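S.K.: What would the 3D arrangement of this be:
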Amino acid sequence: MDYKEARLKFIKNWGEFGINWGVNRILAQIHGLLLINCVPVCADEIMEELKISRGSANTNLRILLDWELAQIDHVTEKRKEYFVAEKDMWKVFCQIVKHRRKKELDPLLESLETLAHLQPQCQNSSEFVKMIESIESFSKKADSALQNIVKENPNFIVSSYFKLK
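M.R.: You can find the predicted model right below:
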């Protein structure tokens, strides 16, 4: 396999992984393209390489900027915006965790908080309250663990993990 084939395979696979991680394929493909590029890339180059529309490129680039997974790099004497990906995979992981936590875990915790105040009135409602409390307790622990992981030094996390094996 030559470089060009490997590059296309990586971008395609990164897009498929993105679907499994809960993001759209094009967003993940753009991210993959930016990750493996050693020079900043403009939207026109992204559109051409991935065969996508300007609207799709712009929308997904804005999402990557909002998630802080990409930044704008102003190339000297060029009027276009050029984009580069965050290359530190620990930072990428932390940004994704922060975003997913805000989008998914925070609303879940809010919902569970509201439901947890139900007063049991029968066997079914008593079981319901127990289950809600259990889910809420687990979700709070998961939230706390995610916050601690994001705050920690990646070297500490990795070395602690390998000590457990």
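S.K.: In three-state terms, label the spatially most central residue of the chain for me.
M.R.: Taking Cα atoms, centre = their mean, the centroid of the chain lies closest to I96, which sits 3.0 Å from it. Here I96 is helix, with the state taken from DSSP: H, G, I helix; E, B strand; the rest coil.
S.K.: E68 is in contact with that one, correct?
M.R.: No - using Cβ atoms under 8 Å as the test, I96 is too far from E68 to be in contact (9.8 Å). The way it works is simple: take the backbone N, C-alpha and C, and place the C-beta from them, glycine included.
S.K.: How far does the longest helix that the chain contains sit from its chain's centre?
M.R.: Ordering each helix of the chain by length in residues (DSSP state H) puts helix 123-151 first. The chain centroid and the centroid of helix 123-151 are separated by 22 Å under Cα atoms, centre = their mean, to the nearest Å.
S.K.: Buried residues, it. List them.
M.R.: 129, 132, 135-136, 139, 146 (16 or more other Cβ atoms under 10 Å).
S.K.: Which secondary structure elements does it sit against?
M.R.: When contacts are defined as 3 or more Cβ pairs under 8 Å, 6 or more residues apart in numbering; DSSP states H and E, helix 123-151 packs onto helix 89-100, helix 106-115.
S.K.: average pLDDT across the first one?
M.R.: Across helix 89-100, the average pLDDT comes to 88.
S.K.: Can you point out the buried residues in that helix?
M.R.: 92, 94-96, 99-100.
S.K.: Could you find the closest non-adjacent residue to the residue nearest to the centre of the chain?
M.R.: Leaving aside its sequence neighbours, I96 sits nearest to W67 (Cβ to Cβ, 6 or more residues apart in numbering; 7.1 Å).
S.K.: just checking, that neighbour touches Q95?
M.R.: Yes - contact status for W67 versus Q95: in contact at 5.5 Å, counting by Cβ under 8 Å.
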